[in-house]
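what's the 3D shape of this:
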Amino acid sequence: MAKTKKVVQLMPADIKEELLKKYPPKVARKRAKQILINEATEAEAPPEILANVRTIPGIITMRGCTYAGCKGVIMGPTRDILNITHGPIGCGFYSWLTRRNQTDASSDGVNYMPYCFSTDMQDQDIIFGGEKKLSAAIQEAYDIFHPKGICVFATCPVGLIGDDIHAVSRKMKEKFGDCNVFAFSCEGYKGVSQSAGHHIANNQVFTNLVGENTEPKEGKYKINLLGEYNIGGDGFEIDRIMKKCGITNISTFSGNSTYDQFASAQHADLDCVMCHRSINYVADMLETKYGIPWIKVNFIGAESTAKSLRKIAEYFGDQELIDRVEAVIAEEMPEVKAVAADVRTRTEGKTAMLFVGGSRAHHYQDLFAEMGMKTLSAGYEFAHRDDYEGRQVIPELKPDADSRNIEEIEVTADEKLYSPRKTADEFKALEDAGFEFKHYEGMNDQMDKGTLIIDDLNQYEADKLVELLKPDIFCAGIKEKFSIQKLGVPMKQLHSYDSGGPYAGFKGAINFYKEIDRLVSSKVWSYMKAPWQESPELTATFVWE
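Here you go, the predicted structure:
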């Protein structure tokens with residue numbers, strides 16, 4: 001028979017103490033600042049959490065590196081820019097991507113995403129330098145594919161030996177004439193986590209690509225969608241909804257994106273930011289240089305999708321668009337609500353944990369709430385304090401040595417192309433009506449009082465949380481998936497969606513309801529027991545115990 005789930009009545013402070021007690025005193029002091037008991041109310045200031053700091057050596061973290069954030073997250077989903085990893089083939093393997101970024105090659109059929117391009121540096125290249133090998137690789141890629149753009153990504157050894165990938169790229173760009181070649185100094189060790197890679201990618205794309213296409217784009221309501229990576233087809237569903245509403249998406253950064261989309265981004269009238277952690281740098285730069293304002297949106301969850309569409313329509317202020325958006329919501333919502341009502345009979349009162357990068361640990365709580373499920377604990381892999389506490393804390397953040405590793409580019413208003421999309425009076429009228437520009441709330445505000453918010457969760461803490469709180473589902477990345485499942489808890493991989501998706505928009509919400517219902521309603525998990533639980537072979541204690 002299946003085991004009966006034991007109800008554990010532990011106070012948040014007890015759980016935090018239990019998580020920390022295995023650590024040496026110095027480690028425990030630091031981790032205590034990264035484990036927050038959410039005690040804020042509407043009348044209180046958000047509690048402060050330690051975030052965007054390096055993982056303590058020896059702890060098995062769930063993070064990725066700077067190279068992964070730059071190449072894998074930001075540039076990986078772009079189908080017609082050829083990406084070359086400069087480094088040993090071990091890192092080059094990631095050139096094949098490990099996320100399920102989908103793309104539509106459309107009429108031209110150009111799609112380099114399935115390829116793995118690497119210089120495959122060997123010992124002699126590390127000793128004598130790899131610039132000649134990089135030049136040859138760029139030349140070979142150009143001769144075979146003749147792409148519009150080639151991007152070069154530095155891995156750790158490249159930074160250590162000092163190869164000048166930017167000089168090589170400039171030389172090859174001048175040689176070709178019809179191919180834009182530029183590079184990213186995104187060595188894996190360069191920042192605290194993959195977040196540093198996002199920032200580096202944003203800077204170089206904005207410097208070397210945005211604004212290149214001066215031909216105006218058609219469309220009455222033109223936006224850029226920033227921070228959407230088309231995992232499992234999310235971008236396709238959002239584009240479907242946009243098209244149905246009559247909204248023109250000039251460019252997506254960077255799911256299903258193309259060279260021309262990036263080069264045309266300055267033609268939009270509004271930037272809509274999904275994952276603010278990975279892309280708010282570009283949003284700020286587009287506003288400074290071209291006058292395009294930005295707003296925070298969220299297309300994860302049916303209610304959040306409807307709210308975001310209404311916010312876009314409110315910005316443009318055209319009754320035709322407002323009416324069209326309401327008609328689309330009215331058309332899409334009945335099926336969503338019908339499925340949600342059915343699923344909720346089985347998911348009401350269930351519990352979840354979310355430890356996902358970007359804004360997903362925040363956004364997906366909306367979907368769980370629509371199913372009547374409660375989030376017990378959540379956190380990010382590579383967050384900064386504003387992701388937890390809200391954008392208003394950014395002026396308080398002090399740059400440290402890791403922050404200074406990342407180039408801060410100076411952006412000024414373009415003398416010819418800068419054009420405010422609305423007058424000062426129009427902006428003021430919107431803001432007086434409660435419309436928010438350049439703002440996002442942190443995850444803390446969304447979490448219930450007494451829930452645990454944990455930055456940079458590690459494997460030990462994940463296992464301990466499952467043991468103490470026994471959630472009905474655990475959501476994180478691929479590194480945690482199988483260890484959590486062996487503890488008898490279903491695990492949903494929300495970085496790449498396993499084999500599911502899309503989960504964005506209205507149809508995505510339906511897919512998610514059904515998927516989570518299937519996972520939490522299955523009884524197979526209660527029969528699971530890891531081999532080491534049945535017959536442990538080794539036992540040990542820490543030296544400080």
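
now the residue lying closest to residue 469 once chain neighbours are set aside: how far from residue 445?
Once flanking residues are discounted, residue 469 sits nearest to residue 376: 5.3 Å by Cβ to Cβ, 6 or more residues apart in numbering. C-beta coordinates here come from the backbone N, C-alpha and C atoms, glycine included. Applying Cβ to Cβ, to the nearest Å, the value for residue 376 to residue 445 is 17 Å.

which of the two has more neighbours?
Taking neighbours as other Cβ atoms under 10 Å, residue 376 and residue 445 compare with residue 376 leading, 23 against 14.

sec struct for the more buried one, please.
strand (DSSP: H, G, I helix; E, B strand; the rest coil).

ok, now which ones touch it?
For residue 376, the contact set (Cβ atoms under 8 Å, 6 or more residues apart in numbering) comprises 351, 352, 353, 451, 452, 469, 471.

okay, those residues in a markdown table with secondary structure next?
A markdown table is the format used below for the contacts of residue 376 (three-state DSSP):
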| residue | secondary structure |
| --- | --- |
| 351 | strand |
| 352 | strand |
| 353 | strand |
| 451 | coil |
| 452 | strand |
| 469 | helix |
| 471 | coil |
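
And the strands in this structure?
35-37, 81-86, 117-118, 149-154, 180-184, 222-228, 248-254, 270-273, 294-296, 351-355, 374-379, 452-454, 473-476, 491-493 (DSSP state E).

Format these as TSV; extra columns: mean pLDDT.
Listed next are those as TSV, based on pLDDT from 0 to 100:
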stretch	mean pLDDT
strand 35-37	94
strand 81-86	96
strand 117-118	94
strand 149-154	98
strand 180-184	98
strand 222-228	97
strand 248-254	96
strand 270-273	98
strand 294-296	98
strand 351-355	96
strand 374-379	96
strand 452-454	96
strand 473-476	96
strand 491-493	94
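
any chance of these in CSV, with distance to residue 59 too?
What follows is the strands of the chain, written out as CSV (distance: least, Cβ to Cβ, whole Å):
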stretch, distance to residue 59
strand 35-37, 13
strand 81-86, 27
strand 117-118, 30
strand 149-154, 26
strand 180-184, 28
strand 222-228, 28
strand 248-254, 31
strand 270-273, 31
strand 294-296, 32
strand 351-355, 14
strand 374-379, 14
strand 452-454, 13
strand 473-476, 16
strand 491-493, 20
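
Figure out which of those strands is closest to residue 420.
strand 270-273 (12.2 Å; Cβ to Cβ).

Can you tell me the strand partners of that closest one and which way each runs?
Strand pairing for strand 270-273, using DSSP bridges, gives strand 222-228 (parallel), strand 294-296 (parallel).

Can you dump the C-alpha atoms of that strand in PDB for me?
Provided in PDB are the C-alpha atoms of strand 270-273 (Å, rounded to 0.1, in the frame of the first residue of the first chain):
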ATOM      1  CA  LEU A 270       6.500  50.200 -26.600                       C
ATOM      2  CA  ASP A 271       8.800  47.700 -25.000                       C
ATOM      3  CA  CYS A 272       7.100  44.900 -23.000                       C
ATOM      4  CA  VAL A 273       9.400  43.100 -20.500                       C
END
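
Give me the number of neighbouring residues for the residue nearest to residue 194 when sequence neighbours are not counted.
Nearest non-adjacent residue to residue 194, counting by Cβ to Cβ, 6+ apart: residue 69, 3.0 Å away. When neighbours are counted by other Cβ under 10 Å, residue 69 registers 29.

Next, the distance between the ends of stretch 452-461.
For stretch 452-461, the first-to-last residue distance is 12 Å (Cα to Cα, to the nearest Å).

For it, buried residues please.
452, 453, 454, 455, 456, 457, 458, 461 (16 or more other Cβ atoms under 10 Å).

Next up, the contacts around the first one.
Residue 452 makes contact with 12, 15, 16, 35, 36, 37, 38, 376, 377, 465 under the criterion Cβ under 8 Å, 6+ apart.

And the nearest residue to the third one once chain neighbours are set aside, how far from residue 455?
Spelled out, that is residue 16. Once flanking residues are discounted, residue 16 sits nearest to residue 35: 5.3 Å by Cβ to Cβ, 6+ apart. Using Cβ to Cβ, residue 35 is found at 8 Å from residue 455.

repeat for residue 231
From residue 231 to residue 455 the distance is 23 Å (Cβ to Cβ).

where are the low-confidence patches of the stretch 251-400 of the chain?
The model of the stretch 251-400 of the chain has no residue with pLDDT under 70.

which stretches of it form helices?
All helices of the stretch 251-400 of the chain, identified by DSSP state H, counting those that start in this stretch, fall at 259-263, 276-290, 302-316, 319-347, 360-370, 385-389.
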